[in-house]
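Engineer: From the sequence below, what's the structure:
(one chain, ligands or ions: 1)
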Amino acid sequence: MIFAVGMFDRKQSGTIDLHEFQALWKYVTDWQNCFRSFDRDNSGTIDRNELKTALTTFGNRAVSFSLCLSMSLYLSLCLCP
Ligand SMILES: [Ca+2]
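Structural biologist: From the prediction side, this is the model:
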């Protein structure tokens, strides 16, 4: 979570205010939606076939995909008990 606070703490105060929290929340929900779009069977994980489909979907945007996947995995570890 320190990463998230630092990323959205635009005033460099060491804390996030309501507006910064709203931006953080949107970022988290966007990544959750990204993860869910890959998790076709709603298993909570991305299996080999789902990963293959995602890679095909992203095509030349592999860097964006890897960032998305990394963040999705991070969120699934941090947000899912
Ligand atoms: Ca799945």
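Engineer: tell me the SS of the closest residue to the ion within the chain?
Structural biologist: As assessed by Cβ to the ion, the ion sits closest to Ser43 within the chain, at 3.6 Å. For the C-beta atoms, the positions are set from N, CA and C on the backbone; glycine is no exception. When classified by DSSP: H, G, I helix; E, B strand; the rest coil, Ser43 comes out as coil.
Engineer: State the number of residues packed around it.
Structural biologist: 9 (other Cβ atoms under 10 Å).
Engineer: and if you look at Thr57?
Structural biologist: 11.
Engineer: Count the residues that sit near Asp9.
Structural biologist: Neighbourhood size, Asp9 [other Cβ under 10 Å]: 15.
Engineer: cool, Phe38 as well?
Structural biologist: If we define neighbours as other Cβ under 10 Å, then Phe38 has 20 of them.
Engineer: Would you mind measuring from it to Leu18?
Structural biologist: Distance from Phe38 to Leu18, counting by Cβ to Cβ, to the nearest Å: 31 Å.
Engineer: In this structure, where is pLDDT below threshold?
Structural biologist: Along the chain, the model assigns pLDDT under 70 to residues 1-4, 60-69, 71-81.
Engineer: can you do 80?
Structural biologist: Counting by pLDDT under 80, the chain shows low-confidence ranges at 1-6, 55, 58-81.
Engineer: Can you name the residues of the protein that neighbour the ion?
Structural biologist: Contacts of the chain with the ion, taken as Cβ under 5 Å from the ion, map to 39, 41, 43.
Engineer: again, only using 6 Å
Structural biologist: 39, 41, 43, 45-47, 50 (Cβ under 6 Å from the ion).
Engineer: Now do the helices in this structure.
Structural biologist: 2-8, 18-38, 48-58, 62-79 (DSSP state H).
Engineer: in the longest one, what's buried?
Structural biologist: For helix 18-38, the neighbour count (16 or more other Cβ atoms under 10 Å) marks 20, 24, 31-32, 34-35, 38 as buried.
Engineer: can I get those in TSV with distance to Thr56?
Structural biologist: As requested, the buried residues of helix 18-38 are exported to TSV (distance: Cβ to Cβ, whole Å):
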residue	distance to Thr56
Glu20	36
Leu24	31
Trp31	20
Gln32	22
Cys34	16
Phe35	17
Phe38	11
